[in-house]
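In: what follows is a predicted structure for the sequence shown.
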Amino acid sequence: MKKITLVSLLAALVMMALPARAQVAENESGIVYYMPYTEICIDVEYEEITLTKGPFYQYSERYLGTKDIITENDVKYQIRSINLRTKTSADRSRSYVFNPGKKHVSLTREGLLFAIGDELPKADKPTEKKKEKAAKIMGKNSEIENQFAGLLEEQLLASSISKMAEGVAKQIYHIRESRINWLTGEVDHMPADGKSLEMILKQLDRQEKQLTSLFLGKETRKTLHKTICIDPKEMTDEVVFRFSEIQGIVDADDLSGEPFYMTAVVTKSTYNTEETKKKTAESPIFYNLPGSIYLTLTDGTRCLMEKTFAVGQFGISVALPAATFKGAETILFCPKSGALLSVE
C-alpha cells in the first residue's frame, strides 16, 4: 500500500512539472490554456554612495593645498533611472479547454496561447548576470582594502599623525615628479616601447590616487535595483513608492521618503453580446481582446514618464470563427495580451 501511495505521489509531482501544453482538463479531452493577467512593474535603478573620510583629512589644505575633501563618513542614495513595464502571468479565473485535432498548439510555460500550427521559439539560455562593477573610489578606482597600504616604513613609524601626513604628502609629490620625468624622457633608462611606458604611468597614477585618498577621502558607489509591482487600476496621483536620500527606496506609507505618484486611466474592451453568442457556439478556441491602461509617473512637480500598455484582464474573450480555425495553417497570438496577431 505504501508503494502505491509513493508512486501516486511521484506521478502527481511529474504532472505538475510538465509544461502547460501537456495539461488536460479532468473528464475532458483537450488542452487547457489561460488568458493573460497583467501587472505593472516599476523598475528603479539607484546608487548607494558611501563617503569615507581619510585619516589625514585635517592636513589636506596644509600639505596638498585643497579644501575639496570628505570630512564626515556618510552613506547616501540617488536615483539613476526609472522604467515602467508589464509582467504577465496566467489568469486562473479565465481558463479554456479545446481539442486541437491534428493541429499543433504551442503554449508558453504559464499556459498562455502562442501559436496554432507553429512552434514556440526556444528561450534564450539564461545568461549569467554581469558582475557588478568594482566599487569606485573618487568615482574611478577600486576600494583600498588597507588605507595605509603602500606607505613607507619611515612614514608608518612617524612620531605623530602630523608627521605621518607630512611624509605621505612628500611621497605624493615625488610620484608626481617621477611622472613628469617619464613623460619628458628625463630618466636614465626609457622603456623600449610605448606599452611599457603606459604601464609605468598607470602604476604611478594608481599609487598617487591611493595615497591622495588618505587626505581627500574615498567615494564608493554601488548600483542597486528595486522592482515595485502593482495591479493595474484607475488611480489619480496615488503614491506608489517613496525615495529617501538616507535610506533609498522605502514603502509608500513611509513618510521619511519623497513620494512618487502614479495616475492611471483604464480602458476596458466591450463587444456585441448577440454576435459573440453565435460565434461561440461554433468556435473551438478563444483569444483575448485586451483593454489598456495609460500611466503617468511624476515626482509631484515633473512628469517622469508616460506609457500605455495592453492589459489582459481588462479585455474580453473573443471566439475565433470555426472556418478560420479550420482553414488557417498558422495562427499567432500575443502571449502578453492574448490578442490575435495573424492568420495565415
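Out: Great, that's in hand. Residues are numbered from 1 along each chain as shown.
In: pull up the gap between residue 183 and residue 45, please.
Out: 39 Å (C-beta to C-beta, to the nearest Å). Yep, even glycine has a C-beta here, placed from its N, CA and C like the rest.
In: oh, that last question was meant for residue 330, not what I typed.
Out: 39 Å.
In: then residue 256?
Out: Taking C-beta to C-beta, one finds residue 256 at 21 Å from residue 45.
In: so what's residue 254 up against?
Out: By C-beta atoms under 8 Å, 6 or more residues apart in numbering, residue 254 lies in contact with 242, 244.
In: for it, give me phi and psi.
Out: For residue 254, the backbone dihedrals (degrees, to the nearest 10) come out as phi -90, psi 110.
In: over to residue 211?
Out: Per-residue torsions, residue 211: phi -70, psi -40 (degrees, to the nearest 10).
In: surely it and residue 170 touch.
Out: No. The pair residue 211 and residue 170 fails to qualify as a contact (C-beta atoms under 8 Å) at a distance of 10.3 Å.
In: of these two, who's got more company?
Out: residue 211 (22 against 13; other C-beta atoms under 10 Å).
In: is the residue located most distally from the centre of the chain in a helix, a strand, or coil?
Out: Farthest-out residue of the chain from its mean C-alpha position, per C-alpha atoms, centre = their mean: residue 188, at 53.2 Å. Three-state assignment for residue 188 (DSSP: H, G, I helix; E, B strand; the rest coil): coil.
In: could you report the pLDDT at it?
Out: On pLDDT, residue 188 comes in at 73.
In: please apply the same query to residue 327.
Out: Per-residue confidence (pLDDT) for residue 327: 84.
In: cool, residue 5 as well?
Out: Reported pLDDT at residue 5 in the predicted model: 41.
In: residue 110 now?
Out: On pLDDT, residue 110 comes in at 93.
In: so it sits in a helix?
Out: No. With three-state DSSP as the criterion, residue 110 is coil rather than part of a helix.
In: excluding chain neighbours, what is closest to it?
Out: Nearest non-adjacent residue to residue 110, counting by C-beta to C-beta, 6 or more residues apart in numbering: residue 90, 4.6 Å away.
In: identify the bridge partners of the one you found.
Out: Beta-bridge partners for residue 90, by DSSP bridges, are residue 36.
In: mind checking what secondary structure residue 256 has?
Out: Using three-state DSSP, the structure places residue 256 in coil.
In: measure the nearest residue to it once chain neighbours are set aside to residue 228 for me?
Out: Leaving aside its sequence neighbours, residue 256 sits nearest to residue 244 (C-beta to C-beta, 6+ apart; 5.2 Å). According to C-beta to C-beta, residue 244 and residue 228 sit 15 Å apart.
In: and what of residue 250?
Out: To residue 228, residue 250 is 11 Å away according to C-beta to C-beta.
In: shared neighbours of the two, which are they?
Out: By C-beta under 8 Å, 6+ apart, the residues touching both residue 250 and residue 228 are residue 241.
In: let me know the secondary structure of residue 182.
Out: Relying on three-state DSSP, one would call residue 182 helix.
In: look at it and say how many residues are nearby.
Out: Residue 182: 16 surrounding residues under other C-beta under 10 Å.
In: mind checking pLDDT for it?
Out: So residue 182 comes in at 84 (pLDDT).
In: give the contact list for it.
Out: Per C-beta under 8 Å, 6+ apart, neighbours of residue 182: 197, 200, 201, 204.
In: out of the residues you listed, which is nearest to residue 102?
Out: Ranked by distance to residue 102 (C-beta to C-beta), those are led by residue 201 at 71.8 Å.
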